[in-house]
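Peer 1: this one's structure only:
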């Protein structure tokens, strides 16, 4: 797989998977009243990084940044693309051309490591949201949501391959 092919596939697969994740969040919010992810907090966290602030006591109480919601949403999709690239590199060109569900689902679930052990502690929520009174409910939602992300990786890879069949590989 060339660098260009990896980049294009990563963007397409990552965007489809992240959209699936977001649609799932909307469904959970409407059906179960689950809180929607607040991507402005991710933007706020990123906004504090240049000043050397990685760990927050409570990210909600940290100073907000102009355009933090936009930055957070952009970062959310960039991270989805990054994780798609990791999947494509790890699973290889064979998987990219003939995707199967298991590696994609495993990759989606694997992204929880980043959320639980890096992002949530940095936000001041503790490992795996341990400081939140609803930690177990949030963990279940996280597992389901990241499994949906994995299914999105699979669907995204299938969509890319169908688009290549329809429009040709360009070679």
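Peer 2: It's in. Since we're looking at a predicted model, the values are computed, not measured. Numbers count the residues shown, from 1 in each chain.

Peer 1: what packs against the longest helix along the chain?
Peer 2: Longest among the helix segments of the chain by residue count, using DSSP state H, is helix 135-167. Packing partners of helix 135-167 (3 or more Cβ pairs under 8 Å, 6 or more residues apart in numbering; DSSP states H and E): helix 3-32, helix 68-97, helix 101-110, helix 112-114. Just so you know, the C-beta spots here come from the backbone N, C-alpha and C atoms, and that holds for glycine as well.

Peer 1: pLDDT weak spots in this protein?
Peer 2: Filtered on pLDDT under 70, the chain yields the residue ranges 169-171.

Peer 1: most centrally placed residue in it?
Peer 2: residue 80 (4.0 Å; Cα atoms, centre = their mean).

Peer 1: my read: that one touches residue 21, true?
Peer 2: Yes: when contacts are counted by Cβ atoms under 8 Å, residue 80 is listed as touching residue 21 (7.1 Å).

Peer 1: shared neighbours, these two?
Peer 2: The overlap between the contact sets of residue 80 and residue 21 (Cβ atoms under 8 Å, 6 or more residues apart in numbering) consists of residue 149.

Peer 1: dump the residue contacts of the closest residue to the residue nearest to the centre of the chain other than its chain neighbours.
Peer 2: Sequence neighbours aside, residue 18 is the residue nearest to residue 80 in space, at 3.3 Å (criterion: Cβ to Cβ, 6 or more residues apart in numbering). Contact partners of residue 18, counting by Cβ under 8 Å, 6+ apart, are 76, 77, 79, 80, 81, 149, 152.

Peer 1: All set now, cheers.
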